[in-house]
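Participant: Here is the input, now give the coordinates:
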Amino acid sequence: MIEHLVFFLEEPSAQDFLQAVLPRVLPAHITPHFLVFEGKQDLEKRLVLRMKRWLRPNSYFIVMRDQDSGDCVVIKARLRDLCVQAGQPDAVVRVVCKELESFFVGDWPAVAAGFERPALAANANRAKYRVPDLLGSPSAEIRRLIPTYQKREGARKIAPHLDLTQNKSNSFRVLMRSIQELTHA
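Facilitator: Have a look, this model is predicted:
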């Protein structure tokens, strides 16, 4: 039985996002833990050692990294290989299509609520946002509409309002489904 869900994350904004979302999806007996790295290179460089040194029994690992401009298949294969090297072949690897902000662009009403700007919700109907995982830079899209947007502040403001079932980002839905399957098995 899983008691600890351990997230390996490339950046603090991913932790901010998860801290807002996980209380709505995790059973009370599962404790989330966050190992936050200083970017994707640091994550990949230190993942094996940090995972090997994790000592709490009944732990399960999820590695989450942005795709940015890389090849999703190559990134996922490399991260899976690192998990195998760490002795955790069952660790879940989730590559966020493009960047964390894809999750936010997938739910414009949440962005509108988080920034208290109701007019932003109308972006949900725009064709360009129907498949947010295909956007070149979702953070640039948000910054275009909210010039003062910062990653951590954005995650803290938007994530509590995200609809966990209706998000248009496929990578968001896959992450949520993975967490549900692990913790409700």
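
Participant: Now do the strands in this structure.
Facilitator: 4-9, 31-36, 59-66, 92-96 (DSSP state E).

Participant: What confidence value was assigned to the residue of the chain most remote from its centre?
Facilitator: Ranked by distance from the centre of the chain (CA atoms, centre = their mean), the top residue is residue 119, with 25.6 Å. With respect to pLDDT, residue 119 scores 98.

Participant: so it makes contact with residue 111?
Facilitator: No. Residue 119 lies out of contact with residue 111 (CB atoms under 8 Å); the separation is 10.7 Å. In this view, the C-beta of every residue, glycine as well, is placed from N, C-alpha and C.

Participant: picking that back up, dump the residue contacts of the residue farthest from the centre of the chain.
Facilitator: Applying CB atoms under 8 Å, 6 or more residues apart in numbering to residue 119 gives the contacts residue 112.

Participant: now it: how far from residue 145?
Facilitator: The spacing between residue 119 and residue 145, counted by CB to CB, to the nearest Å, is 9 Å.

Participant: Kindly report the same for residue 67.
Facilitator: 22 Å.

Participant: neighbour-wise, which of the two wins?
Facilitator: More crowded of residue 67 and residue 145, by other CB atoms under 10 Å: residue 67, with 19 against 14.

Participant: ok, for that one, nearest residue in space, not its chain neighbours?
Facilitator: Closest residue to residue 67 apart from its sequence neighbours, by CB to CB, 6 or more residues apart in numbering: residue 95 at 5.1 Å.

Participant: Would you confirm that the one you found contacts residue 66?
Facilitator: Yes. With contact defined as CB under 8 Å, residue 95 reaches residue 66; the gap is 7.5 Å.

Participant: and residue 80, how many neighbours does it have?
Facilitator: The burial count for residue 80: 16, using other CB under 10 Å.

Participant: Report the contact partners of the closest residue to it other than its chain neighbours.
Facilitator: Excluding the flanking residues, the one nearest residue 80 by CB to CB, 6+ apart is residue 93, at 5.3 Å. Residue 93 is in contact with 62-63, 65, 76, 79-80, 83, counting by CB under 8 Å, 6+ apart.

Participant: I'd like the distance between residue 93 and residue 67.
Facilitator: For residue 93 relative to residue 67 (CB to CB), the value is 12 Å.

Participant: Tell me the pLDDT of residue 170.
Facilitator: 97.

Participant: shouldn't residue 97 be in contact with residue 73?
Facilitator: No. Counting by CB under 8 Å, residue 97 stays clear of residue 73, with 12.0 Å between them.

Participant: ok, residue 16 - contacts?
Facilitator: So residue 16 contacts 152, 155-156, 159 (CB under 8 Å, 6+ apart).
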